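Trainee: got a predicted model here, sequence first, then my questions.
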2 protein chains.
Amino acid sequence: METGALEVITMRKIKYFASELSPKMDGMRVRVAGWATRIRDLGNIVFIRVRDREGEFQIICKKGEVDDSLLKLAKKITPASAIIAEGILRIAKNKEGFEIVPEKLYGNIADSPLPIDIFQETTELDKRIDYRTLDLRILKHNAIFRIKSIIANAFREYLLKNGFVEIHTPAIGLYVAEGGANVFEVKYFDKKAYLRQSPQIYKQLMTGALEKVFEVGPAFRAEPSYTIRHLTEFISLDVEMAWIRDIEDLLDLLEDILIHIFKRLDESGRKFFNILGVEPPKIPKKPFPVMSYREALMILNNEGVRLEGKDIPQTGEKVLWKFAKENYDSDFLFITDYPWEIRPFYAMKYEKIDNRLEYTPTKSMDLLYRGMEIVTGGQREHRYDVLKRQIIEKGLRPEAFGYYLDMFRFGMPPHGGFAIGLDRLTMMILNLSNLREAVLYPRDPNRLEP
Amino acid sequence: METGALEVITMRKIKYFASELSPKMDGMRVRVAGWATRIRDLGNIVFIRVRDREGEFQIICKKGEVDDSLLKLAKKITPASAIIAEGILRIAKNKEGFEIVPEKLYGNIADSPLPIDIFQETTELDKRIDYRTLDLRILKHNAIFRIKSIIANAFREYLLKNGFVEIHTPAIGLYVAEGGANVFEVKYFDKKAYLRQSPQIYKQLMTGALEKVFEVGPAFRAEPSYTIRHLTEFISLDVEMAWIRDIEDLLDLLEDILIHIFKRLDESGRKFFNILGVEPPKIPKKPFPVMSYREALMILNNEGVRLEGKDIPQTGEKVLWKFAKENYDSDFLFITDYPWEIRPFYAMKYEKIDNRLEYTPTKSMDLLYRGMEIVTGGQREHRYDVLKRQIIEKGLRPEAFGYYLDMFRFGMPPHGGFAIGLDRLTMMILNLSNLREAVLYPRDPNRLEP
């Protein structure tokens, strides 16, 4: 139900946020807006606490001081109602702080009862996601997405300052870059198409012209499993660079990007870490510790951790984190040289293979942060003949890679890159227990709405 | 075919771009890279012109001056081959400028003949897209995407500086916000899902908590038609803001965003406009001219332009541009108050309706730029009862909007926003004749690869 009207524009500023208001503005005319939390109706006087994304303030409607119609409206307001008030800010009489005496008041009155608790964190995550709008009026939950916005921007900022070009490549296509099983099919007119598992193929192709590129966008994996760290749709921060000499160049760039992100969080994110009651992470120092897959296996073996096939299990990642923490005081740990068997067809193999190894190492790397894989990347095979051979070796058909593969006949540069999982990075920086807490509207096998 | 090797890291800098090289660096050791264009083999001396994304330079391999193996390699190089050279930059002996004498040389030799012309713009667009990597080695084509990167960043930069939060909302979902016909279906495990036509529903929901939000991401329309200004996948720059008083607030914000984008293009884009031979657009001034749909119809009627149903046809948009140009010296023109019949269910209707009108006007707007619709937006209906009624009025089922509609029971603020078509804006700023020129890998009913 909507009451009141505010159609006439009388002020230049659309609204003052709670954080912009102060007793120093005593006597000033302001437009404020937010959502009612507590309403105290004392008969001839109604106090309305209003919360916006930046904080809280109070509106006071007192008989004689405001028009009777406003007092009447104020009495109808329920928790979670949207409120707009235009009026005078004044220092509160009987206490510190200030209050707003409205000359105009507007309310979009919320139904009662509310489906979730907007005062305490008692609601289970699933229901919070159903009503994300209400959920994010809790400043602690809101703060997660303020942090995420800072991370995404810091990522781009670093790359744009360092000669990278932002690209936008298609989400619908024919190529299945990361392997065949976990891909979503799209009905594309009378054809079959697929949602990208990554922008891998396109960012690679672009190193052949734009040289240094990045892309921020969604990626899709049709994983039927439900875990706290996987979703079927996620935001991938993708980077790809031509002319690299070695994966060292990639580690170097990734370190610089992450240091920049952590600096920006330190500068602009403190307020949100405080709201969340989370210690802001220390700005990491270069170089991050690095170990090869082989070294990682030795540590895991000592600790009695068994592999899942050739994959390091999640428990293993935690063990390695502990090792990095104890030995290098680092939350970050690079693992390099993964076996060809568990990397995609485009991963570059090492030329000289250590005969003692039972697998073919690739010029690849993952970055673990606090025991969670948040980045994966490596040098890509740029030689046409070798790439074609590797496609076949993986049991794929070269013809299925059409123009992508063909382009490698015309001077593709040595190149490599990586993808940072934005959602995971946000989750781990904030010590959240489920990836869904860091995603506004998560998608998993059971969830397609809201 | 790959020849030469450059595995040892001897330099800190991965490469110098052509634009960073100058005769002042005479005697300096550099690492350069790019693609061969012209190769002149004079027997004991080979000149290789190399182009990177920033310009050109020359490598000289002379018997006695370089190792014989390098001279041998140089002789194998074909146009479009990827070249890396580490060596000494020196002032050229017989002419102005400089040349690079390699100590190490690497080549990924391109096949001949090349599928497209990399020297002149003789290749038709379709084939250029097939071989985008080669195509973008032509600096004129490359420049389009440098401009696009500047536009996308300027958009975000303005909003982040003005209190907007970046959000990431799902591309796969159940809701069909913009009408039912042109939506792509996704096989989502054992369910049916859809690709978003816009992030409309999610950005609206987020005004109820984050207040001011924006999103940059793909949107999908299953339009079976082939035109020079439609694609099935495009990048949408979405903005949504709570507490607006009127669509005036939206026009105001949109003007500021565009002025900022044009300023940034003026500061950072001149080089690329020069390469393209395109006049950089003048920075527009506020306010942009505004006319209502009714006024637009009067002008179109005078000019003998017929509507397509209630839609203004493309020819009509050109007529209106001419009008704006002649009367206001503006490339921009706002058209407001479109009929309810041609806007989506969430458009807000005017309360007081002029009885002379044969349609119900909405608080909506489009922005035309040089006669092309590049932005669409408006105030959204935020009152639960009215919104539900409007869904029914459009022949849709309220139950199909589940949590979205339900959320409006709990204090949604008055809000509105708009979506800028990044591809179209780029196209129109650069006077390109086909939207596909401004999209790396366009998607239309006939094209799914590369």
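Mentor: Good, I have the coordinates.

Trainee: what segments of the stretch 201-350 of chain A are helices?
Mentor: A:247-268, A:270-276, A:293-302, A:314-328 (DSSP state H, counting those that start in this stretch).

Trainee: turn those into CSV, including mean pLDDT and mean neighbour count.
Mentor: Every C-beta, even on glycine, is put in place using the N, C-alpha and C of the backbone. What follows is those, written out as CSV (pLDDT from 0 to 100; neighbours: other Cβ atoms under 10 Å in any protein chain shown):
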stretch, mean pLDDT, mean neighbour count
helix A:247-268, 97, 19
helix A:270-276, 97, 16
helix A:293-302, 95, 17
helix A:314-328, 95, 17
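
Trainee: domain map for chain A?
Mentor: A:2-108, A:132-438 (automatic domain parsing).

Trainee: how close does the closest residue to A:F262 other than its chain neighbours sit to A:F155?
Mentor: Spatial nearest neighbour of A:F262, excluding adjacent residues (Cβ to Cβ, 6 or more residues apart in numbering or on different chains): A:I283 at 4.5 Å. The spacing between A:I283 and A:F155, counted by Cβ to Cβ, to the nearest Å, is 15 Å.

Trainee: those two: which is more packed in?
Mentor: When A:I283 is set against A:F155 and neighbours are counted by other Cβ atoms under 10 Å in any protein chain shown, the residue ahead is A:F155, at 22 against 14.

Trainee: just give the nearest non-adjacent residue to that one, would you?
Mentor: Nearest non-adjacent residue to A:F155, counting by Cβ to Cβ, 6+ apart: A:L237, 5.2 Å away.

Trainee: what of A:R424?
Mentor: Excluding its sequence neighbours, the residue lying closest to A:R424 (Cβ to Cβ, 6+ apart) is A:I374, at 4.9 Å.

Trainee: distance of the one you found from A:K263?
Mentor: Taking Cβ to Cβ as the measure, A:I374 falls 18 Å from A:K263.

Trainee: if you count neighbours, what's buried in whichever strand or helix holds A:A33?
Mentor: A:A33 belongs to strand A:29-41 when assigned by DSSP states H and E. The neighbour-count check on strand A:29-41 (16 or more other Cβ atoms under 10 Å in any protein chain shown) flags A:30-37, A:39 as buried.

Trainee: that strand near chain B anywhere?
Mentor: Yes - using Cβ under 8 Å from any Cβ of the partner chain, strand A:29-41 comes into contact with chain B via A:31, A:33, A:35-36.

Trainee: quick check: mean pLDDT of that strand?
Mentor: Confidence over strand A:29-41 (mean pLDDT, whole number) is 97.

Trainee: one step back: right, and the residue nearest to A:F262 touches A:D266 too?
Mentor: Yes - counting by Cβ atoms under 8 Å, A:I283 touches A:D266, with 6.1 Å between them.

Trainee: residue boundaries of the strands in the stretch 351-450 of chain A?
Mentor: A:364-369, A:372-380, A:415-421 (DSSP state E, counting those that start in this stretch).

Trainee: name the SS class of A:E86, please.
Mentor: Put simply, A:E86 is strand when judged by DSSP: H, G, I helix; E, B strand; the rest coil.

Trainee: isn't it up against A:E103?
Mentor: Yes - counting by Cβ under 8 Å, A:E86 touches A:E103, with 5.8 Å between them.

Trainee: more neighbours: which of the two?
Mentor: Using other Cβ under 10 Å, the more surrounded residue of A:E86 and A:E103 is A:E86, with 21 against 14.

Trainee: okay, and the beta partners of the more buried one?
Mentor: Taking DSSP bridges as the rule, A:E86 bridges to A:R31, A:K104.

Trainee: and for A:F332?
Mentor: For A:F332, the beta-bridge partners under DSSP bridges are A:Y369.

Trainee: got the contact list for it?
Mentor: With contact taken as Cβ atoms under 8 Å, 6 or more residues apart in numbering or on different chains, A:F332 is in contact with A:258, A:284, A:288-289, A:324, A:367-369.

Trainee: do that again at 10 Å, thanks
Mentor: By Cβ atoms under 10 Å, 6 or more residues apart in numbering or on different chains, the contact set of A:F332 is A:254-255, A:258, A:284-285, A:287-290, A:321, A:324-325, A:367-370, A:374-375.

Trainee: if I look at it, how far off is chain B?
Mentor: Separation of A:F332 from chain B (Cβ to the nearest Cβ, to the nearest Å) stands at 22 Å.

Trainee: and for A:A177?
Mentor: From A:A177 to chain B the distance is 12 Å (Cβ to the nearest Cβ).

Trainee: over to A:N434?
Mentor: Distance, A:N434 to chain B, by Cβ to the nearest Cβ: 17 Å.

Trainee: run a quick neighbour tally on that residue.
Mentor: Residues lying near A:N434 (other Cβ under 10 Å) number 13.

Trainee: correct me, but it touches A:R229?
Mentor: Yes - here A:N434 reaches A:R229: they are 8.1 Å apart, a contact under Cβ atoms under 10 Å.

Trainee: which neighbours do these two share?
Mentor: Taking Cβ under 10 Å, 6+ apart as the contact rule, the neighbours common to A:N434 and A:R229 are A:M427.

Trainee: what score does A:R436 have for pLDDT?
Mentor: For A:R436, the model assigns a pLDDT of 97.

Trainee: dump the residue contacts of the closest residue to it other than its chain neighbours.
Mentor: Counting by Cβ to Cβ, 6+ apart, A:R436 lies nearest to A:P442, which is 4.4 Å off, once chain neighbours are set aside. Listed by Cβ under 10 Å, 6+ apart, the contact partners of A:P442 are A:125-126, A:129, A:132, A:231-234, A:423, A:434-436, B:170.
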